[in-house]
Every structure is written in structure tokens, then in C-alpha cells.
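Asks: could you look at this predicted model? Sequence included:
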Amino acid sequence: MMENVPDAAVQTITYKRKAHKRKRADLLESIPAEKVHHELGDKHCPDCHHELTEIGKQPVRQEVIFIPAQLKKLEHIQHAYKCEYCSQRDLTDKIIKAKLPKTPLKHGLGSASLIAHTLYQKYEMKVPDYRQENDWRKLGLDLSRQMLNYWGLKSSDYYFKHMYKLLKQKLLKRPILHADETYYTVLESETIKTYYWVFLSGKHDQYGITLYHHDPHRSGQVALDFLGNYNGYLHCNMWQAYTQLPQATLVGCWAHVRRKFDEAVPQTASDKSLAKKGLNYCNRMFYLEQTWEALNKQERCRLRQEKLKPLMKEFFNWYRQNKATVLPGSKPGKAISYSLKHQETFENVLLDGHLELSNNKAERAVKSLVMGRRNWLFSQSFAGAKASGIILSLIETAKRNGLDPEKYLKYLLEKLPNEKDLESNTLEAYLPWQKEVKILCK
């Protein structure tokens with residue numbers, strides 16, 4: 001048995017959210033202030049009617065008021081200039097016009113700020129188009145849900161897909177990735193379900209990238225098409241699609257193992273229960289990882305070899321010896337079979353100090369999509385599903401790099417229409433970790 005490992009019964013991981021205490025002054029610090037003075041209208045004594053003398057004033061309370069959003073119409077007026085000298089010497093007049101920044105979408109009301117806000121509302125705040133339609137009407141702008149959907153489709157097709165392509169190139173060069181998938185409904189699909197796949201860089205990576213990829217299928221060919229010959233570490237569940245990757249080193253998710261044992265523990269289970277024993281083993285592993293959270297890569301890797309590796313070996317050996325004592329079709333039997341079947345993949349976390357014990361990072365990324373799916377329910381077409389994945393990718397990637405996602409979308413919609421070649425290396429300047437982008441989109 002391992003030494004210096006706390007008793008699992010005492011060290012059960014609860015993941016309680018830490019209380020976040022902030023003083024009122026801190027909360028109100030960034031909000032512009034306006035003083036409201038309350039004075040007497042009649043400054044005379046109610047008894048003797050002589051004039052009152054002010055002797056002081058004091059702040060009584062602070063409150064925050066809400067000012068509804070406003071719309072403003074910009075009329076762009078282009079000035080033209082004529083060179084009299086050149087015009088006298090040529091057959092035609094020489095006219096020079098002031099440079100006019102291009103709008104994201106021609107012949108429409110949609111400005112960069114307006115389009116960015118509608119996309120932010122839908123994909124970050126999860127407000128579907130039909131609800132936004134009513135909100136815009138209250139502000140005095142009659143925007144149909146069809147128009148809002150059109151803005152998202154065209155912005156993705158004209159501009160965002162090029163940033164997505166560049167981010168994908170960057171992602172495939174990262175040493176550690178996470179992956180997961182979830183179902184989705186597309187009305188024009190011949191099958192009941194289609195799928196969103198999510199691929200993202202690791203927790204310790206200098207580039208925070210999260211990409212959503214839509215595909216009608218959940219087969220291994222999708223993973224092959226997206227990741228190709230990726231030869232780094234890939235955190236994933238044990239879905240067979242990932243096993244078809246020829247060069248990637250798969251890293252199993254111990255949270256899935258713990259979940260299976262947790263579901264198998266009866267309410268009246270004793271300490272001799274196999275399922276409870278498995279749950280305790282997993283809790284001890286996660287406790288050790290939690291204590292090593294602040295360590296560097298090398299120190300964490302050393303401690304894993306010293307303490308976590310023997311604990312895993314004990315876990316697998318103990319269950320291999322007791323596998324015959326449980327029914328294969330029971331919940332404990334399935335949990336044990338699942339663990340032993342993928343033992344090598346689960347042990348791969350020991351290979352690098354930056355690897356993680358779970359794939360929860362990918363599951364949290366999927367959750368963002370699932371929350372949106374509950375509100376907008378489905379996409380009409382495959383093009384719409386693809387556009388949604390691209391927009392959501394830019395939003396989540398912006399957040400991982402500390403940017404305001406709405407400001408980042410607005411920034412791209414202001415800058416990219418004025419770029420001559422969106423396939424060139426000029427897009428590097430618009431990646432969310434660039435210094436100028438961070439300054440303007442915080």
C-alpha cells in the first residue's frame with residue numbers, strides 16, 4: 001500500500017466553489033459617478049419663518065441605475081478633390097477621393113458593432129434570433145430574425161472562416177490537445193443527429209485555442225480529417241474514433257473512470273464494496289493532482305512517477321485479481337472492464353508533466369455549445385451549423401486569451417473587410433494573443 005497518501009474516506013473531492021468576497025467600493029469603482037443633491041425647496045424655518053443656514057452635507061447611499069442601449073445613425077460623407085494643375089494638362093480631370101473604410105456587408109444596415117453585438121448575444125449570452133428580434137424592435141430598429149441569421153452566415157463566410165483556418169493551423173502544432181464531441185440537430189440532414197467536435201489546446205499552453213467543428217458523422221474519419229497526422233498528446237474519452245489516429249498518443253480521462261465507479265456504488269455500500277474501492281482509488285489520485293497544481297512541469301512529472309504511478313499499478317492489479325468476482329454486465333463489472341481495457345491509455349498521463357488527469361477542459365467547452373443548443377435548438381442548414389461553430393470558436397478562443405469576445409468580433413469586422421488578401425500572412429496580426437489586439441479588445 002502507498003505511504004503518505006491521505007485516507008480516501010476523509011479526502012473525498014467535493015469541488016466546492018470558493019466564496020468570492022468583494023467590497024461594495026470595489027464593485028462600483030469602475031462605474032462613472034454622478035452626484036445627486038437633495039436640498040430643501042423652501043429654505044425657511046417652518047416655525048419662525050427665518051431663513052435657514054446650511055451647516056453641512058453627507059453621502060447617504062449609493063445606487064446603480066440602468067441606462068438602456070441607444071442606437072445612432074452614422075452618415076458617411078466622402079469628400080472629393082480635384083487637382084487643377086493636372087486637369088489642365090490632361091484630357092480628363094484628376095479627381096482624388098478621401099479613403100472610405102469598407103463596411104462588413106455591402107448594401108445593408110449592419111455595422112461592425114451591430115453585427116458583433118447580435119453574434120455576442122446569440123453565442124455567448126445564448127439569446128436566439130427570434131428573441132433578439134423583439135429586443136431590437138423595442139429600440140426602434142426593425143430587424144428580422146432572417147436578417148440576423150444572414151449576418152452571421154455572411155460574416156463567417158467572408159471573414160471569420162479565414163481566422164478559423166489560421167487558428168486550426170496553430171492548434172495542430174500544439175504539443176497537447178483535448179477533444180470531445182456532442183450531438184446536434186440540423187433540419188436539412190437526412191439523419192436525426194449530426195455532431196459538433198471540439199478540439200482545444202492544453203491548460204498550460206501559451207496559446208489558448210478552442211475550435212468547434214461540425215460534421216454529419218461521429219466516425220473516426222472525422223477525427224482523421226481534422227487532426228490528420230497530429231503526433232502530440234490527445235486527451236479524449238475512449239470513443240473508438242480517436243484510436244484511428246495513426247500518430248497521436250491518446251491520454252485517457254480518469255474523470256470518466258471515477259464517474260463509472262461512482263454510479264456503481266450502492267447507497268448502502270460497505271467499505272468492502274469493489275465499486276467504492278475503485279472510487280476511493282480515483283479520489284486519492286485526484287487529491288494528489290490537486291496538491292501538485294502549483295508545481296512546474298518537471299516537479300509534477302517527478303512526483304507522478306514517485307507517487308501516482310505506484311498507486312495506478314496497485315489500482316489495476318487489485319481489480320485484475322477481483323474481476324472474476326463481479327458480474328460482467330453489472331455496473332461494477334462494466335467499470336472494472338472499462339478501466340482494464342484501456343489501462344495503457346489511462347497510464348499515459350504519467351508521460352508528461354503538463355498532461356492532465358481528466359478531459360474536463362474539453363467537456364466544459366462542449367457545455368458552452370450545449371447551453372446554446374437548449375436555446376436556439378437547431379440549425380436550418382449545414383452551412384448554418386458550420387458558421388455557428390466558427391463564430392463560437394472565435395468567441396471561446398478570445399475568452400481564453402483574456403479578451404472581451406464582443407470587442408474582438410467587432411475588431412475583426414472593422415479590420416478584415418479592408419484587407420486585400422485574407423489568405424495571406426497578414427491575418428497573423430489579428431490573432432487574439434497579439435499585443436495590439438489585447439490592448440484594443442480587453
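Replies: All right, it came through fine.
Asks: centroid-nearest residue for the protein?
Replies: Residue closest to the average C-alpha location in the chain (Cα atoms, centre = their mean): Glu396, at 3.1 Å.
Asks: if I follow the layout properly, that one ends up in contact with Phe199?
Replies: No - in this structure, Glu396 is not within contact of Phe199 by Cβ atoms under 8 Å, at 11.4 Å. All C-beta spots, glycine's among them, are computed from the backbone N, C-alpha and C.
Asks: gap between the two ends of stretch 260-271?
Replies: 17 Å (Cα to Cα, to the nearest Å).
Asks: who's in contact with it?
Replies: The contact list for stretch 260-271 (Cβ atoms under 8 Å, 6 or more residues apart in numbering) reads 9, 273, 275-279, 282, 330-332, 334-335, 338-339.
Asks: mind listing the shared neighbours of Glu396 and Phe199?
Replies: Looking at what touches both Glu396 and Phe199 (by Cβ under 8 Å, 6+ apart), the common residues are Thr210.
Asks: for ChimeraX, what selects the buried ones among the contacts of stretch 260-271?
Replies: A single ChimeraX command selects the buried members of these (16 or more other Cβ atoms under 10 Å):
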select :273,275,276,277,278,279,282,331,332,334,335,338,339
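Asks: out of the contacts of stretch 260-271, list just those in helices.
Replies: If you go by DSSP state H, the contacts of stretch 260-271 have 275-279, 282, 331-332, 334-335, 338-339 in helices.
Asks: between those, which is closest to Val186?
Replies: Tyr338 (31.4 Å; Cβ to Cβ).
Asks: the residue lying closest to that closest one once chain neighbours are set aside: neighbouring residues, count only.
Replies: Nearest in space to Tyr338, with sequence neighbours left out and distances taken as Cβ to Cβ, 6 or more residues apart in numbering, is Lys260 at 5.9 Å. Neighbourhood size, Lys260 [other Cβ atoms under 10 Å]: 21.
Asks: host element of Lys260?
Replies: Using DSSP states H and E, Lys260 sits within helix 254-264.
Asks: for that helix, list every residue counted as buried.
Replies: Neighbour-count burial for helix 254-264 [16+ other Cβ under 10 Å]: 254-258, 260-262, 264.
Asks: where do the helices sit along the stretch 101-250 of the chain?
Replies: 112-123, 129-138, 145-155, 161-171, 220-227 (DSSP state H, counting those that start in this stretch).
Asks: can you tell me which of these is nearest to Asn401?
Replies: Among the helices of the stretch 101-250 of the chain, helix 161-171 sits nearest to Asn401 (Cβ to Cβ), with 11.0 Å.
Asks: which residues make contact with the closest one from outside it?
Replies: By Cβ under 8 Å, 6+ apart, the residues outside helix 161-171 that reach it are 177, 199-201, 207, 209, 211, 226, 390, 393-394, 397, 412, 416, 422-423, 427-428, 430-431.
Asks: give me that answer again for 6 Å
Replies: 209, 390, 393, 422, 427 (Cβ atoms under 6 Å, 6 or more residues apart in numbering).
Asks: of those residues, closest to Gln343?
Replies: Ile209 (30.5 Å).
Asks: separation between that closest one and Arg400?
Replies: Per Cβ to Cβ, to the nearest Å, Ile209 is found 7 Å from Arg400.
Asks: who's more crowded, those two?
Replies: Ile209 (24 against 18).
Asks: same question for stretch 338-354, mean pLDDT?
Replies: Stretch 338-354 carries an average pLDDT of 94.
Asks: got the buried residues for that stretch?
Replies: So for stretch 338-354, counting by 16+ other Cβ under 10 Å, buried means 338-339, 342, 345-349, 352-354.
Asks: then stretch 286-301?
Replies: For stretch 286-301, by 16+ other Cβ under 10 Å, it's 286-289, 292, 300-301.
Asks: flag the shaky bits of the protein, pLDDT-wise.
Replies: Applying pLDDT under 70 to the chain flags residues 1-22.
Asks: mark out where each domain of it begins and ends.
Replies: Using automatic domain parsing, the domain ranges for the chain come out as 112-171+395-440, 254-356.
Asks: nearest to Arg218, of these?
Replies: domain 254-356 (17.1 Å).
Asks: quick one: end-to-end length of that closest one, please.
Replies: Domain 254-356: ends 9 Å apart by Cα to Cα.
Asks: what does stretch 205-213 give?
Replies: By Cα to Cα, one end of stretch 205-213 lies 21 Å from the other end.
Asks: before we move on, what about stretch 259-268?
Replies: 18 Å.
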